[in-house]
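J.: I need the structure of the sequence given here:
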Amino acid sequence: MRWALVKVAVAVTVMVVVAFAVPLGLVIKEMARDRAFSNAERQAAAIAPTLSITTDREQLERAIASTNAGADGRMAVHVPAGTGPEAGRLDIGRGRAAEKDLRTVQRVPRAAMAEVAGGSVLLQPTALGSGQIAVVEIYVPQNEVSKGVTTAWLVLAGVGFALIVGSVAVADRLGVRMVEPAQRLAGAAHALGEGKLGARVPEEGPAELRSAAIAFNSMADQVVGLLANERELAADLSHRLRTPLTVLRLNAASLGEGPAADQTRAAVAQLEREVDTIIRTAREAKPQTVAAGPAGGCDVSEVVKERMDFWSALAEDEGRTVRVAGIGRPVRIPVVRAELAAALDALLGNVFRHTPEGTAFSVDVHNGEDAVIVLVSDAGSGIADPKAALTRGNSGGREGSTGLGLDIVRRVAESTGGDVRIGRSVLGGTEVRIWIGLDGWRAADGPRRGHRLRRRRRRGGCLDLQRLSDL
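T.: Residues are numbered from 1 along each chain as shown. This is a model prediction of the structure:
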């Protein structure tokens, strides 16, 4: 599109230059010719007063020599020597005109121009005192006729070339102004099609492209909103089904032996498998992070409080000690609220499913300059193979686990540039550390905390809960 505009501009400019330059060049040529012959007429008129007074050769020669044309040898005077048809003629100066042209001018006393070798001659009739007609001949060389024409044509050509170059530059700038917003719009559309829901287009450029950018951004916001609603619905399904199933499984375990108890436990197990299938299908899409800006994402502290209120009732029934830390003030992260809630439910649900009743657990939030860390720890027996547990569909050695929960947590962390690590907690069991990258966000704490968190991360391994609680 950009080069098409340049080509159109060049074609139009060339047409305009040709339409004006060619006629102007011809006019300049005619003006030069008219100037040369007008000068010749003035030279011829300068000798007319002398001819009207005398026809003496010496006086005429002096008069001719006093003119510019005569001094240059370009003037001649042809004076009749008698009145009869056989009368001779007095020729003064170097004559170049043909005899027939001279006779024609004498017979029909009217100025005329004739072509001669190397240029042209002006034949100017002048009346003598005797009533006869003398002819003044002025030679005009060809270079005098075309004097200044070549220079003028070169100037015209230069101006035309400058106009073409200028039009190319202007068309290129206009093309860039139109093409770059269009390219950004196309790039954002491709990025949105690839799943980068944070892709937006700057609303700049021509009015039409600004309107297209506004429409695209509005469409992208609607897509993000629809996907967020869909994922919130999936998360709600998880909350509504998984937690009651956990309670139901725990209650079914206390039914004792018997056909009814076995059937109940088998039905609960089958229902859990079906719920796992539903959740796995709902989690096929990538977790969404916000585009940018401190107003996006969610508050970790608020989400942790909400989910812990939900799980605390079941923890109280099972006699579990619960500790929550680091949620005394807002901590914003670039993760959609439903995604973080689903990740926390997955981890807390694993604690209830894979640790015996009465096992303590804790949730800690640590806010750094470039990352936020969420720790979920328990006092259970731990995970046999932590590395394998982070692989999708792998339970890490836990019987009855699909491994889906930890995969959900891992994808949420990696969507922000962070990661998930599993290790031994200070409570003696499993510690799952979710490292959520802020991706340019500014945390509320000072740089000292962020520095210490970065240093811990570079050392690798698991973070010690007691050390982090001292931050």
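
J.: what count of nearby residues applies to the residue lying closest to Ser381 once chain neighbours are set aside?
T.: Using C-beta to C-beta, 6 or more residues apart in numbering and skipping the chain neighbours, the partner closest in space to Ser381 is Gly429 (6.4 Å). Just so you know, the C-beta spots here come from the backbone N, C-alpha and C atoms, and that holds for glycine as well. Neighbour count for Gly429, taken as other C-beta atoms under 10 Å: 20.

J.: so Gly429 sits against Asp378, correct?
T.: Yes: here Gly429 reaches Asp378: they are 4.2 Å apart, a contact under C-beta atoms under 8 Å.

J.: can you check which residues contact both of these two?
T.: Thr355, Thr359, Phe361 (C-beta atoms under 8 Å, 6 or more residues apart in numbering).

J.: follow-up on the earlier one: list the contacts of the residue nearest to Ser381.
T.: Contacts of Gly429 (C-beta under 8 Å, 6+ apart): Thr355, Thr359, Phe361, Ser377, Asp378, Ala379, Gly380, Ser381, Gly382.

J.: same question, Ala157
T.: Here Ala157 is in contact with Ala21 (criterion: C-beta under 8 Å, 6+ apart).

J.: just the element for it, please.
T.: helix 149-193 (DSSP states H and E).

J.: now do whichever helix or strand comes after that helix against helix 149-193, angle only.
T.: Counting by DSSP H and E, the element after helix 149-193 in chain order, helix or strand, is helix 207-253. Interaxial angle, helix 207-253 versus helix 149-193 (axes from the mean of the first three to the mean of the last three C-alpha atoms, to 10 degrees): 20 degrees.

J.: helices and strands around whatever helix or strand comes next after helix 207-253, which ones?
T.: Next in sequence after helix 207-253, counting helices and strands by DSSP H and E, comes helix 259-282. Counting contacts by 3 or more C-beta pairs under 8 Å, 6 or more residues apart in numbering; DSSP states H and E, helix 259-282 packs against helix 207-253, helix 404-414.

J.: pLDDT on stretch 415-428, on average?
T.: Per-region confidence: stretch 415-428 scores 89 on mean pLDDT.

J.: mind checking how far the top helix by length along the chain is from the chain centre?
T.: For the chain, the helix with the greatest residue count under DSSP state H is helix 2-53. Remark: helix 2-53 is offset 48 Å from the chain centroid, using C-alpha atoms, centre = their mean, to the nearest Å.

J.: just give the number of residues close to Ala117.
T.: 6.

J.: ugh, typo on my part, it should be Cys298
T.: 20.

J.: next up, phi/psi of the closest residue to it other than its chain neighbours, please.
T.: Leaving aside its sequence neighbours, Cys298 sits nearest to Arg337 (C-beta to C-beta, 6+ apart; 3.8 Å). Dihedral pair for Arg337: phi -60, psi -50, per degrees, to the nearest 10.

J.: quick one: Arg337 from Asp299, how far?
T.: 8 Å (C-beta to C-beta, to the nearest Å).

J.: with Pro330 instead?
T.: Taking C-beta to C-beta, one finds Pro330 at 5 Å from Asp299.

J.: those two - which one has more neighbours?
T.: More neighbours surround Asp299 than the other of Pro330 and Asp299, with 17 against 12 (other C-beta under 10 Å).

J.: wait, that one touches Arg332, no?
T.: Yes: the pair Asp299 and Arg332 qualifies as a contact (C-beta under 8 Å) at a distance of 5.7 Å.

J.: sorry, back to before: save the contacts of Gly429 as JSON lines, and put in distance to Met219 too.
T.: As requested, these are exported to JSON lines (distance: C-beta to C-beta, whole Å):
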{"residue": "Thr355", "distance to Met219": "46"}
{"residue": "Thr359", "distance to Met219": "49"}
{"residue": "Phe361", "distance to Met219": "43"}
{"residue": "Ser377", "distance to Met219": "43"}
{"residue": "Asp378", "distance to Met219": "44"}
{"residue": "Ala379", "distance to Met219": "50"}
{"residue": "Gly380", "distance to Met219": "47"}
{"residue": "Ser381", "distance to Met219": "50"}
{"residue": "Gly382", "distance to Met219": "48"}
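
J.: what sits opposite Asp364 in the beta ladder?
T.: Ala325, Leu375 (DSSP bridges).

J.: what count of nearby residues applies to it?
T.: Look at Asp364: counted by other C-beta under 10 Å, it has 21 neighbours.

J.: could you measure from it over to Ala379?
T.: Asp364 is 14 Å from Ala379, by C-beta to C-beta.

J.: can you check Glu41 too?
T.: Distance, Glu41 to Ala379, by C-beta to C-beta: 122 Å.

J.: with neighbour numbers in mind, choose between those two.
T.: A side-by-side neighbour count of Glu41 and Ala379, using other C-beta under 10 Å, places Ala379 first with 21 against 14.

J.: go ahead and confirm the more buried one touches Arg424.
T.: No: with contact taken as C-beta under 8 Å, Ala379 and Arg424 are classed as non-touching, separated by 11.0 Å.

J.: leaving out sequence neighbours, find the closest residue to Trp153.
T.: Using C-beta to C-beta, 6+ apart, the nearest residue to Trp153 is Gly25, at 5.4 Å.

J.: could you do Val12 as well?
T.: Ser167 is the one closest to Val12 (C-beta to C-beta, 6+ apart), at 7.4 Å.

J.: I'd say the one you found and Met15 touch.
T.: No: counting by C-beta under 8 Å, Met15 is not a contact partner of Ser167; they are 11.1 Å apart.
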